[in-house]
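# Take a look and give me a structure for this.
(chains A and B)
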Amino acid sequence: MDELVNILTRLLMGLGHMAIIIVVAPLLQGFIKKSKAFWQMRQGPSIFQPYRDLYKMMKKEELISEHASWIFLLTPRIALASTLMAGLVIPNAWGWAPLSGWGDLFIFGASLGLVRLFLTLSGLEGAGTFGGMGSSRELFLGLLTEPAMLLGLIVLALITETSSIQGITTNLTSVSPIFIPRLLALLTLGLVSIAEMGRIPIDNPDTHLELTMIHEGMLLEYSGPSLALLSFAEQLKQLLLLILLAQIVWPSGLVLWSNGLVGFLGALGFVCLKLAVLGFFFATVESLFVKRRLFLVPNYLATSTATAMLALVSLWIIRGQI
Amino acid sequence: MNNRRSHSVRQLLMGLSMVLAGMGFIWGIVMILGGDWYKTGLKFYAGEGAGLTLSWKVDGLTMFFLFILLLGQFFSSLYGMGYLKEYEEKNKSLWPFFVTWFLFLGSMFGVLLADDGFSFLLSWEMMSVFSFFLVLYEHEDPQNRKSAYIYLVMTHVATVFLTAATMFLYVKTGSLAFEEWAKAAPGLTIFQHNLLFLAFFIGLGTKAGFVPFHIWLPYAHSAAPSPVSSLMSGVMVKVALYLFIRLVWLTLGPGPVWWGWLFLLVGAISALVGILSASVQSDLKKLLAYSTIENVGILGLAIGSAFLARSWQNTLAMELALVAFFWHTLQHMLFKSLLFMGAGNIIQATHTRNLERLGGLLKRMPKTGLAALIGMIGITALPPMGGFWGELVLFQSLWVNTLNLTSGWGKVSLPFFIGVIALVGGLSIATFVKWFGIAFLGQARSPMAQSAKEAHVVQYIAPFLVAGLAVLSVLWPSALLAMINVPLSAIRTGETVTTVSTIGKPLITASVYLIVICLLTLIIVMLSKSGARRVTATWNCGAPLTPSMQYTATGLTKPVRILFSKVLGSQRQVERDIAGKGYSLRSLSYQGRIKEFFEDLLYRPIIRWVLWLAYQIRKLQEGSIHLYLGYLLITVIVVLFLER
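Next up, the predicted model:
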């Protein structure tokens, strides 16, 4: 009986976790757009615009290419589902993640990999050149980002001696914020996150110019509800990456029921603040830099992999184990 | 009339092969549930003579690989029942196929059961020879004859090393029994110990397909008929890995630390080279064969991590690595058989192995496509399929090894291997998106692909069954863990691994993950079902869309080829035929080639050297009778001198 209650509580908490992520994701997107508008000296759309866009697209008629098969329609659904699965290992405002067992840090990257697999497949569905171009480039970026991201997380796991992301963020509270390996790992993840979010200097989310687009190229054939789901999945992924970064920069640790309502709301506010700062930061980066050529991207991502290795070496040197 | 008889013979024999496999599998399960005998093993002898014994033994380790073999046999036979029909239509006799098929399976049994050097070498040679005949079955194609020849040469180079090691151990111990060898192993000098290890490593590594001994594998696995390819990639490669555990881990081991590092290094190189070569292939089956090298590399990494943990007395990391090894062995067998079956169906439907001529097959062969999609998610090591969960345990093992190592550069290089596996994962996504996407999606690129038809019923039922088993292994991880405990209990002492013990716990996440992601997808599908849908043309800037506008297989992984051009040795030649002043182009031809790195750098010089040596030796045989009489005279003098 106790076990049943336990399982039910965890299930409800998991659902709540998902609900929060789902609700907040478009808001973050709106905020980043607004921040970019600030740097471009324009008014910009309201921060609630992404909600309206999603709502509008859900209502629209959907056009499907005559060459497409069922994978075309399955992709947006699977992409959203597996992005949500990736969200299960990312600790929320209260430092709690539904999946926090052994080795769960590997699930994050792998779930995003599943999204990539299906997205690149449906890029080939339309039988046009643009989709193929997007897929080809996305596959190329994917194989470069994956090792960097994993190594960055592994270094943090070695610093904190646990291999779940929840454990990492909880244990990081007791690690000095200017501990060199931690800073280097953060740099790695920051660089990778830009690539994963598809932002400048890797990809430009605001363009449909075929020479430059990567992510948008694969989405070109999509319309209506499917496009809404895919854009939403992208917003979710962005939120998850930013939460992960935020929890590594300023981990809030595990907040329990015993902290009371004030502690609870405080933690939520704290996370919102962190996300806002990070979102503004990335919007600034995007406003300051230009997009790089595709074949300059390997250098960029190699930098982040090298940083991860440097973090690893410095960790063992500081601990006196080399 | 003749055709009909051949028809029933095929069904009868393949059915027999299937029934034997099924019965063997069930009997094995019943035997294992019957008692603890598999921890020590059962011995039986087949006969003696001329001072040699044929002795056989079954223990837990053998049982696990027997299960792999029987599963592979079952599904390949079922698939073959449909696939072989094509040869009947071509009026090609199937008898050579049937005979070698059964002998090949039987010899793999022999290798798994062998308990002494002689029966091992005997059945090993039989396995090599009969698989050679199977590779050669479609001997009309000169390309296949070349592939089979390379295979035969390489497999014999391997056997030389194994025979040498066996002879050496026989001389040392006076016995051929593995048990005696294990007893004598600690008494060997360090030099002898390491030399034996290297002999086994090269001999078995060649069969397993470790880089740089892998060059035969892509040729042989792709030249064989598809049921044989699936058996060779899924099972025969695993037999070689079984022998690593049997002869190196159990007989020679425990060894020095560098053995583990060698496995890790060779495993990582195999995984990288395998998947890089696969990613630039446009041959449907060769790509799969290269991906086998990649997966063998990952299994090599697991063995390496286990060896390191064993030398560092890190029980947890060792058990994790072993669980990862056995888990991935089974999963790879399932997915690789599945993909080879899919490739076989495509080849029969379109009569081409070239990806550039396929396209749009998912609409014409929906069932083959669905099975191939499942196999592809598994082989790219993505959740929710089993390939990922094995790698997760392997990652965990490397991670625990790093953490528990007190000091040294190993603490840097072990996580580096995790990075390598992640890179391999990314590359395998690119490879298989190309394999599946180019073949099954988009528009048909040739009339053959345009007119493709779904394969015969058994040819998609077999892959569906494999896919079902793969899903079941994730949904019910405790069953697979119980199966993994059988070999574990034979090769180490310790408690059994279940889903509640520390090691098995992440694997229960596997079933949760699968269920949750399916539920989520279902909910999202339900929620987004409403709304109108219209089928229209693909947007193409207003111009009509032709099949040649699609990305090609070569084009899709072109960025990979450019980035790794140094490693792959990719070359391009563009010939322009320009008219007049150079403004109008009359014709343009493009040729791209991937250098076979190891073939050109390692094997060509060796071949050249051997040929040179043969040429020198030929000088002895000048054809002059006086010279031969002179040799005789010298021989007689030498013999007399020795016998003095």
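# name the element residue A:143 belongs to?
Secondary structure assigned from DSSP states H and E places residue A:143 in helix A:129-160.
# Check whether that helix comes into contact with chain B.
Yes: using CB under 8 Å from any CB of the partner chain, helix A:129-160 comes into contact with chain B via A:129, A:131-133, A:135-137, A:139-140, A:142-147, A:149-151, A:154-155, A:157-158. In this view, the C-beta of every residue, glycine as well, is placed from N, C-alpha and C.
# Strands along chain A, start to end?
Assigned by DSSP state E, chain A shows strands spanning A:62-65.
# Output the lowest mean pLDDT helix or strand found in it.
Least confident element among the helices and strands of chain A, by mean pLDDT, DSSP states H and E: helix A:215-219 (a mean of 87).
# just for chain B, where's the confidence low?
Applying pLDDT under 70 to chain B flags the ranges B:1-3, B:46, B:50-51, B:499-500.
# longest helix of it?
Counting residues, the longest helix in chain B under DSSP state H turns out to be helix B:315-350.
# How about the residues of the stretch 201-322 of chain A by chain B?
A:220-221, A:224-226, A:228-229, A:294-295, A:298, A:305, A:308-309, A:312-313, A:316, A:320-322.
# From the residues you listed, list the buried ones, please.
Listed as buried from these are A:220-221, A:224-226, A:228-229, A:294, A:298, A:305, A:308-309, A:312-313, A:316; burial here means 16 or more other CB atoms under 10 Å in any protein chain shown.
# Mind telling me the two of those residues farthest from one another?
Largest separation among these by CB to CB: A:224 and A:316, giving 52.7 Å.
# Look at the residue lying closest to residue B:97 once chain neighbours are set aside and tell me its secondary structure.
Distances taken as CB to CB, 6 or more residues apart in numbering or on different chains place residue B:137 nearest to residue B:97, at 5.6 Å, with adjacent residues excluded. Classification of residue B:137 using DSSP: H, G, I helix; E, B strand; the rest coil returns helix.
# could you measure residue B:137 against residue B:126, distance?
Separation of residue B:137 from residue B:126 (CB to CB, to the nearest Å): 17 Å.
# Of these two, give the one with the bigger neighbour count.
Using other CB atoms under 10 Å in any protein chain shown as the criterion, residue B:137 and residue B:126 rank with residue B:137 on top: 20 against 17.
# Residue B:95 is in contact with the more buried one, correct?
No: if you go by CB atoms under 8 Å, residue B:137 and residue B:95 don't touch, sitting 11.1 Å apart.
# nearest residue to residue B:177 other than its sequence neighbours?
residue B:116 is the one closest to residue B:177 (CB to CB, 6+ apart), at 4.7 Å.
# for residue B:457, same thing?
Setting aside the residues directly before and after it, residue B:457 is nearest to residue B:82 in space (CB to CB, 6+ apart), at 7.2 Å.
# Which stretches in the stretch 151-300 of chain A count as helices?
Using DSSP state H, counting those that start in this stretch, the helices of the stretch 151-300 of chain A run over A:165-172, A:180-197, A:215-219, A:224-249, A:260-288, A:297-318.
# What angle do helix A:180-197 and the last one make with each other?
For helix A:297-318 and helix A:180-197, the angle between their directions (axes from the mean of the first three to the mean of the last three CA atoms, to 10 degrees) works out to 160 degrees.
# Mean confidence (pLDDT) on helix A:297-318, please.
Confidence for helix A:297-318, expressed as mean pLDDT, is 93.
# ok, and what's touching that helix?
For helix A:297-318, the external contacting residues (CB atoms under 8 Å, 6 or more residues apart in numbering or on different chains) are A:141, A:144-145, A:147-148, A:151-152, A:154-155, A:158-159, A:179-182, A:184-185, A:187-188, A:191-192, A:195, A:201-202, A:292, A:322, B:407, B:411-412, B:415-416, B:419, B:563.
# orientation of the top helix by length along chain A relative to helix A:224-249 in degrees?
Ranked by residue count under DSSP H, the longest helix found in chain A is helix A:2-39. Interaxial angle of helix A:2-39 relative to helix A:224-249 (the same axes, to 10 degrees): 100 degrees.
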